[in-house]
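Novice: Task: produce atomic coordinates for the following.
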Amino acid sequence: MFRQDRTNPSTAVSNWRGRHDASKGWPSTAVSSWLNGGLFGAAAFTAAAGYFGGGQAASDVTTVDKFLFSDDSRTTLSTGLSAGRRMLAGMASAVAGYFGGGRETATTYVTTVDRFLFSDDSRTTLGTGLSAATNQLAAMASTVAGYFGGGSVAGSGVATVDRFLFSDDSRTTLGTGLSAVAMNPTGMASSVAGYFGGGSSGGTLVATVDRFLFSNDSRTTLGTGLSTARWTMGGMASSVAGYFAGGFVDGVGAVSTVDRFLFSNDSRTTLGTGLSAAARELAGMASSDAGYLGGGAGPVATVDRFLFSDDSRTTLGTGLSAATKTPAAMAFKGA
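Specialist: Presented below is the predicted three-dimensional model:
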């Protein structure tokens with residue numbers, strides 16, 4: 001163990017190495033390997049953070065904003081999406097985040113999936129994208145795979161769910177998709193199941209919430225859906241509950257409603273404190289302690305943080321780097 005006055009492992013090892021002769025069986029390369037890839041490996045020092053990517057500002061953007069969960073500070077990545085696009089979806093593994101689908105112009109839908117490695121925020125575009133060029137889709141993830149579901153293909157709603165295995169980024173289209181076609185649904189997940197909620201099905205807004213069990217990808221439609229049929233919401237989840245926030249309701253417009261679904265029994269509660277303002281076309285992601293909902297029609301740059309311990313809301317002093325609607329979001333919760 002290191003003494004209390006040596007709280008920085010890198011400094012402690014450097015000092016120790018300076019007092020030992022490499023000729024006595026401690027080559028510097030061995031120490032470097034241990035420091036960088038062993039107990040104090042690079043992944044262990046990757047800061048937990050959330051990412052908002054793409055969307056539409058004055059035009060479709062490639063921007064990816066990174067929010068450090070330790071202090072909610074924002075930086076904009078030097079490498080953004082491979083192309084500017086809106087109405088995309090985001091999800092994440094333990095080592096990388098993915099932004100998939102969307103459209104680059106009013107008529108150009110894409111299959112593109114961009115992967116951002118959390119260790120250095122570098123971007124790779126997957127060789128295998130979505131099974132069809134899709135926008136207005138949703139995403140969620142288990143620890144093993146990510147799922148892109150629903151959306152619009154060539155202007156028509158679909159029920160398709162594509163699964164990407166994180167070990168090799170291979171894609172499989174599930175035999176069982178959503179219970180109905182859905183444009184602009186929203187996704188979130190627990191440790192054992194993923195949920196797709198709301199959307200527009202055949203021109204009608206729905207309150208449906210479909211649950212996919214990760215162990216076998218089977219689908220169940222919850223007996224209790226959203227409090228109001230709506231689409232273009234933001235989704236986020238803690239370890240005990242998932243949240244569907246905001247969205248558009250026919251005859252009402254944008255709403256500030258936040259519905260919470262308890263994972264233990266899938267019961268729904270509508271929070272007494274909703275978004276700081278009615279919002280649609282927003283995105284959501286979460287740390288271990290709080291959920292973040294950002295962007296939206298207007299467009300706006302607002303980011304609201306909900307503390308999971310009591311569902312209290314704070315609006316961040318620093319929002320997105322630009323007012324943006326229809327972004328996507330994903331998060332790295334830490335090693």
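Novice: how is this structure carved up into domains?
Specialist: 1-45, 49-332 (automatic domain parsing).
Novice: Please dump these into JSON lines; it should also carry mean pLDDT for every row.
Specialist: JSON lines is the format used below for the domains of the chain (pLDDT from 0 to 100):
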{"stretch": "domain 1-45", "mean pLDDT": "39"}
{"stretch": "domain 49-332", "mean pLDDT": "98"}
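Novice: May I see these arranged in CSV, with mean neighbour count as well?
Specialist: (Each C-beta comes from the backbone N, C-alpha and C, glycine too.) Output for those, formatted as CSV (neighbours: other C-beta atoms under 10 Å):
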stretch, mean neighbour count
domain 1-45, 11
domain 49-332, 20
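Novice: The nearest residue to Ala89 once chain neighbours are set aside and Arg219: what is the separation?
Specialist: Nearest residue to Ala89 in three dimensions, chain neighbours excluded: Ala139, at 3.7 Å (C-beta to C-beta, 6 or more residues apart in numbering). To Arg219, Ala139 is 16 Å away according to C-beta to C-beta, to the nearest Å.
Novice: Which secondary structure state does Gly296 sit in?
Specialist: Assigned with DSSP: H, G, I helix; E, B strand; the rest coil, Gly296 falls in the coil class.
Novice: need the contact list for it.
Specialist: Gly246, Ala254, Ala279, Arg280, Glu281, Leu282, Thr302, Lys325 (C-beta atoms under 8 Å, 6 or more residues apart in numbering).
Novice: Apply 6 Å and report the result again.
Specialist: Ala279, Glu281, Leu282, Lys325 (C-beta atoms under 6 Å, 6 or more residues apart in numbering).
Novice: mind listing the helices for the protein?
Specialist: 9-18, 28-37 (DSSP state H).
Novice: Would you mind confirming that Tyr224 makes contact with Thr269?
Specialist: Residue 224: Thr, not Tyr. No. Counting by C-beta atoms under 6 Å, Thr269 is not a contact partner of Thr224; they are 10.2 Å apart.
Novice: Would you confirm that Gly149 contacts Ala138?
Specialist: Yes. Applying C-beta under 6 Å as the test, Gly149 and Ala138 come out as touching, 5.5 Å apart.
Novice: hey, what's Thr125 bridged with?
Specialist: Asp114 (DSSP bridges).
Novice: first vs last residue of stretch 128-141, how far apart are they?
Specialist: One end of stretch 128-141 sits 18 Å from the other (C-alpha to C-alpha, to the nearest Å).
Novice: Mind listing residues that contact that stretch?
Specialist: 87, 89-91, 101-103, 109-113, 147-153, 162, 171, 173, 183-189, 194, 196.
Novice: what touches both of Gly149 and Ala138?
Specialist: With C-beta under 6 Å, 6+ apart, Gly149 and Ala138 have common neighbours Phe196.
Novice: outside of stretch 165-180, which residues touch it?
Specialist: So stretch 165-180 is contacted by 93, 126, 128, 131, 145, 149-150, 159-164, 196, 201, 210, 217, 219, 221 (C-beta under 6 Å, 6+ apart).
Novice: So which of these sit within strands?
Specialist: If you go by DSSP state E, these have Ala145, Gly149, Val161, Asp162, Arg163, Phe164, Phe196, Ser201, Asp210, Arg219, Thr221 in strands.
Novice: Let's have the residues you listed in a markdown table, adding distance to Tyr51.
Specialist: Formatted as a markdown table, those follow (distance: C-beta to C-beta, whole Å):
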| residue | distance to Tyr51 |
| --- | --- |
| Ala145 | 19 |
| Gly149 | 20 |
| Val161 | 23 |
| Asp162 | 21 |
| Arg163 | 21 |
| Phe164 | 17 |
| Phe196 | 21 |
| Ser201 | 29 |
| Asp210 | 25 |
| Arg219 | 28 |
| Thr221 | 30 |
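Novice: List just the nearest of the residues you listed to Asp311.
Specialist: Phe196 (22.3 Å; C-beta to C-beta).
Novice: Hmm, Tyr147 and the closest one touching each other?
Specialist: No. Using C-beta under 6 Å, Phe196 is not in contact with Tyr147, being 8.3 Å away.
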